[in-house]
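Peer 1: need the 3D shape of this:
(one chain, ligands or ions: 2)
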Amino acid sequence: MASSQLPVHALSSASDKYPKPQGVAFTYGTAGFRTKGDTLESTLFRIGLLAVLRSKKLNGQTIGVMITASHNPAIDNGAKLVDPRGEMLDASWEQHATLLANAETTSELLKVLTGLIPELKIDWTKPSRVVFGRDTRPSGEALVKALKAGLEAMGCHAPLDMGITTTPCLHYMVKGSNLKQEAQIKYGVPSEQGYVQKLATAFTKLMKGKSPASPLIVDCANGVGAVALAKLSPLISDILPIRSICTNTSDASALNHSCGADYVKTNQKPPPAVQEVMEKGHRACSLDGDADRVVYYYLNPDDGKFRLLDGDKIATLAAGFIGDLVKQAGLSDTLKIGVVQTAYANGSSTQYLQHNGLPVRCVPTGVKHLHHAAERYNIGVYFEANGHGTVLFSEETIDILNAHEPRSPAQETATQHLLCLVDLINQAVGDAISDFLMVEVILAHKRWGPVEWDQGYEDLPNRLVKVNVTDRFAFKTQDAERRLVEPKGLAERVDAIVNKFEKGRSFVRPSGTEDCVRVYAEASTRVGADELAAQVATLVSDFSNGDLF
Ligand SMILES: CC(=O)N[C@H]1[C@@H](OP(=O)(O)O)O[C@H](CO)[C@@H](O)[C@@H]1O
Ligand SMILES: [Mg+2]
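Peer 2: Residues are numbered from 1 along each chain as shown. Ligands and ions are numbered 1, 2, ... in the order given. Here you go, the predicted structure:
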């Protein structure tokens, strides 16, 4: 039996060095494992085991492991697995990750592992390949060591350590490593340098003939985005001068502290460090701690008021621009564009897209849901309101573009621009840097500043609040998380509150990354949105305390 070849002795002694902390339960959720960094060594050891199983299951294709806790505080850390095409781990394997992470002892761990091999029909004789990286968090170093120990104990030959890198770069790397040689030539060299080069080349081509943009302020959240940007920026500085701020990666406590995409989205204001340098009319963007998320903003030239250009605004900008290019290329009957959002998308953005004839789908929160839904279109634009997202071009679409015989120079140019966008936009996962380069291209082509971009629609005032509850798993939803099915009777009470507000919309869902329930509300006025959120939050809290059960 294949499992008899499991290197039990090596595993057993290696595992003893990474005992599971007692009294902690780990869950592989929306963003993989995520908790305090110093509790995660045993989990990383075990992720190493699972990565090897996953690679063997998929005939030795390269699997990725990213160690990061994204926008969370510096003391947190986390890890997620990346599947061969650069997408998130197949959802059916998440339970195996959770099971392995929670085995209390080495012998229990070995029992789980020996059970998984026949259950998942893994052929132990297959090779395994793994590539991994981490963000700038200090705990990352020990976690890498634990991961390597797990990989080594499973006999994984020469896993590739990318060192400190961004989440999207790791995804790019995984995808590229699994391509056949011919496809890899088109895709780009699977290395960090290859990625930077690919972005710079595509950006330069797309900006050809456009006047150099005014400087863009980029808040790097004092995270790994600063490291990546320092490599890219010199290659494009003639076309896009970048003023990077919040680039302090040596002081761990600075990471995501009073800066970054989450700060801006949550507080609806620029980080203090940006405020210092930002003038009316300037555009700025903020990345998160692992550079897979970006939001833009500016100060209104008239009144100096802060205006956020979030993931929804990026999605509408991209979908509109790409839709126009498809038309100009003469391919609008062939290539279908769709936009994928979550329930958190502002109602105005959904309405705007629909008015412009773009199909919109709503899916549950989390990039993996958006990504899979976007893959169903020729060109699928997906963004979460908080700035995670990308634009996917299907393989068939790329073939169509390559084979297209344009009937005019204008058609030719539009087709070439679309092909360059395929290179500029990360096809594996959203990348804050690639996304802001895409936005910059679109603004340059349209000769727009942030004000013109912002004019498409006006966001409905909205509010997002957290409610701490005794058991968030008691909250179950349907209809892409827009409606509660449990606790029974709660949905009707939410409806009754929502109906009191003009343009009211509210929904309640358990977070997949934090121990809380989130309440989102929007309404026609600021006061209305705040009041609606407060009333629904109180209702949820009362339910949770048992008062209303
Ligand atoms: C409202 C919100 O912003 N939710 C975030 C957050 O998920 P929750 O399941 O809501 O905790 O973290 C996810 C992973 O980073 C991200 O994909 C998602 O958009
Ligand atoms: Mg992130």
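Peer 1: mind listing what the residue nearest the centre of the chain touches?
Peer 2: In the chain, the residue lying closest to the centroid (Cα atoms, centre = their mean) is H388, at 4.3 Å. By Cβ atoms under 8 Å, 6 or more residues apart in numbering, the residues touching H388 are D292, R293, G311, V367, L370, G430. Any C-beta I mention is one placed from the backbone N, CA and C, and that applies to glycine too.
Peer 1: now it. Its backbone dihedrals?
Peer 2: Main-chain dihedrals, H388, degrees, to the nearest 10: phi -80, psi 130.
Peer 1: quick check: the gap between the residue of the stretch 401-549 of the chain found nearest ligand 2 and D454.
Peer 2: Residue nearest to ligand 2 within the stretch 401-549 of the chain: A432 (8.1 Å; Cβ to the ion). According to Cβ to Cβ, to the nearest Å, A432 stands 20 Å off from D454.
Peer 1: how about Y298?
Peer 2: When Cβ to Cβ is applied, the distance between Y298 and D454 equals 8 Å.
Peer 1: give me the nearest residue to L109, chain neighbours excluded.
Peer 2: A103 (3.9 Å; Cβ to Cβ, 6 or more residues apart in numbering).
Peer 1: touching, the one you found and L116? I think so.
Peer 2: No: contact criterion Cβ atoms under 8 Å: A103 and L116 do not qualify, at 11.0 Å.
Peer 1: near ligand 2, which residues of the stretch 151-300 of the chain are found?
Peer 2: D288, D290, D292, R293 (Cβ under 5 Å from the ion).
Peer 1: now do the contacts for the first one.
Peer 2: Residues counted as contacts of D288 (Cβ under 8 Å, 6+ apart) are S70, H71, A221, G223, G225, N256, G260, A261, D262, V294, G387, A432.
Peer 1: same thing but 7 Å
Peer 2: Each residue near D288 by Cβ atoms under 7 Å, 6 or more residues apart in numbering is listed here: S70, H71, A221, G260, A261, D262, A432.
Peer 1: next: the last one.
Peer 2: Contacts here follow Cβ under 7 Å, 6+ apart; on that basis R293 touches A261, L287, N386, G387, H388, G430, A432.
Peer 1: over to the first one: give its phi and psi.
Peer 2: With angles defined as degrees, to the nearest 10, A261 sits at phi -60, psi -40.
Peer 1: quick check: it vs D310, distance?
Peer 2: Using Cβ to Cβ, A261 is found at 9 Å from D310.
Peer 1: same deal with the second one?
Peer 2: In this structure, L287 lies at 14 Å from D310, with Cβ to Cβ as the measure.
Peer 1: which of the two has more neighbours?
Peer 2: Counted by other Cβ atoms under 10 Å, L287 and D310 do not tie: L287 has more neighbours, with 33 against 25.
Peer 1: hmm, back to that, which of the contacts of R293 are buried? Put it as a ChimeraX command.
Peer 2: Here is the ChimeraX command that selects the buried residues among the contacts of R293 (16 or more other Cβ atoms under 10 Å):
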select :261,287,386,387,388,430,432
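Peer 1: just the contacts of R293 that are near ligand 1?
Peer 2: N386, H388 (Cβ under 6 Å from any ligand atom).
Peer 1: which members of the contacts of R293 are positioned in strands?
Peer 2: Residues of the contacts of R293 located in strands (DSSP state E): L287.
Peer 1: which among the contacts of R293 gets closest to G504?
Peer 2: Closest approach to G504 among the contacts of R293 (Cβ to Cβ): N386, at 21.8 Å.
Peer 1: check contacts around that closest one.
Peer 2: Remark: with contacts taken as Cβ under 7 Å, 6+ apart, N386 is in contact with A261, K265, R293, D310, G311.
Peer 1: got phi/psi on the last one?
Peer 2: Right, G311. Main-chain dihedrals, G311, degrees, to the nearest 10: phi -60, psi -40.
Peer 1: contacting residues around the nearest residue to it once chain neighbours are set aside?
Peer 2: Distance criterion Cβ to Cβ, 6+ apart; nearest residue to G311, sequence neighbours excluded, is F383 at 3.7 Å. Contact analysis of F383 by Cβ under 7 Å, 6+ apart lists G311, D312, I314, A315, G389.
Peer 1: just put these in CSV and tack on neighbour count and distance to L484.
Peer 2: CSV is the format used below for those (neighbours: other Cβ atoms under 10 Å; distance: Cβ to Cβ, whole Å):
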residue, neighbour count, distance to L484
G311, 29, 24
D312, 29, 24
I314, 28, 29
A315, 25, 26
G389, 31, 26
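Peer 1: biggest separation within these, which pair?
Peer 2: For the contacts of F383, the farthest-apart pair by Cβ to Cβ is D312 and G389; their separation is 9.5 Å.
Peer 1: wait, R307 sits on P301?
Peer 2: No: checked against Cβ atoms under 7 Å, the pair R307 and P301 is beyond contact range at 10.2 Å.
Peer 1: more crowded one of these two?
Peer 2: Ranked by neighbour count (other Cβ under 10 Å), R307 and P301 place R307 first, with 17 against 14.
Peer 1: three-state assignment of that one?
Peer 2: When classified by DSSP: H, G, I helix; E, B strand; the rest coil, R307 comes out as strand.
Peer 1: now do the contacts for it.
Peer 2: Going by Cβ under 7 Å, 6+ apart, R307 touches Y297, Y298, N300, D454.
Peer 1: verify the contact between the last one and L309 for me.
Peer 2: When you say that, I think you mean D454. Yes: counting by Cβ under 7 Å, D454 touches L309, with 6.2 Å between them.
Peer 1: neighbour count for these two, which is higher?
Peer 2: Using other Cβ under 10 Å as the criterion, D454 and L309 rank with L309 on top: 23 against 20.
Peer 1: wait, that one sits on N300?
Peer 2: No: look at L309 against N300 with Cβ under 7 Å: they stay out of range, at 11.9 Å.
Peer 1: domain assignment for this structure?
Peer 2: 2-164, 194-308, 311-454, 462-544 (automatic domain parsing).
Peer 1: can I get the ones you listed in JSON lines with mean pLDDT?
Peer 2: Output for the domains of the chain, formatted as JSON lines (pLDDT from 0 to 100):
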{"stretch": "domain 2-164", "mean pLDDT": "96"}
{"stretch": "domain 194-308", "mean pLDDT": "96"}
{"stretch": "domain 311-454", "mean pLDDT": "97"}
{"stretch": "domain 462-544", "mean pLDDT": "95"}
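Peer 1: quick one, which of those gets closest to K180.
Peer 2: Closest to K180 of these is domain 2-164 (Cβ to Cβ; 11.6 Å).
Peer 1: and stretch 316-331, how far out from the chain's middle?
Peer 2: The chain centre lies 24 Å from the centre of stretch 316-331; the measure is Cα atoms, centre = their mean, to the nearest Å.
Peer 1: brilliant, that's me finished.
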